[in-house]
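# what follows is a predicted protein model with its sequence.
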Amino acid sequence: MNKHLKERDMKIENLAKDFQDGVLLINLLEILSGQQVKTYYHEATRLYQYLENLEIAVKFMNYLALPIMATPQGNE
């Protein structure tokens with residue numbers, strides 16, 4: 001992932017923390033798909049901005065027809 005993000009001077013150090021605001025995830029999806037997301041919070045600082053960015057990322061993945069897998073919670 002960092003290999004791709006390097007072209008935008010971005011780096012993932014902690015996957016969970018660095019993807020929490022959706023910015024790096026959206027950038028990675030843009031790089032890999034060669035397409036642009038028109039509108040998102042480039043410098044998300046508030047929870048509602050994080051959530052909107054993540055919603056945008058999920059919608060973009062659906063648009064690209066990328067499978068989204070749910071992660072089981074707890075010990076099922």
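Now that the structure is in, tell me what you want to look at. Residues are numbered from 1 along each chain as shown.
# which residues of the chain score low on pLDDT?
68-76 (pLDDT under 70).
# and the helices in this protein?
Per DSSP state H, the chain carries helices over the ranges 2-5, 15-18, 23-33, 47-63.
# single out the most deeply packed of those helices.
helix 23-33 (a mean of 19; mean count of other CB atoms under 10 Å). For the C-beta atoms, the positions are set from N, CA and C on the backbone; glycine is no exception.
# other SSEs contacting that helix?
helix 2-5, helix 47-63 (3 or more CB pairs under 8 Å, 6 or more residues apart in numbering; DSSP states H and E).
# output the ones you listed as CSV; include the columns distance to residue 20.
Below are the helices and strands packed on helix 23-33 laid out as CSV (distance: least, CB to CB, whole Å):
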stretch, distance to residue 20
helix 2-5, 16
helix 47-63, 6
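# which among these is found nearest to residue 41?
Ranking those by their distance to residue 41 (criterion: CB to CB) puts helix 47-63 first, at 4.2 Å.
# other residues contacting that closest one?
20-23, 25-26, 29, 33, 37, 39-41, 44, 68 (CB atoms under 8 Å, 6 or more residues apart in numbering).
# spit out the contact partners of residue 27.
Residue 27 makes contacts with 5, 8, 10, as judged by CB under 8 Å, 6+ apart.
# which residue sits closest to the second one, ignoring its sequence neighbours?
When you say that, I think you mean residue 8. Sequence neighbours aside, residue 27 is the residue nearest to residue 8 in space, at 5.7 Å (criterion: CB to CB, 6 or more residues apart in numbering).
# which residues touch residue 30?
Neighbours of residue 30 in contact, by CB under 8 Å, 6+ apart: 36-37.
# distance check, it against residue 46.
22 Å (CB to CB, to the nearest Å).
# count of neighbours near residue 14?
Neighbour count of residue 14, defined by other CB atoms under 10 Å: 8.
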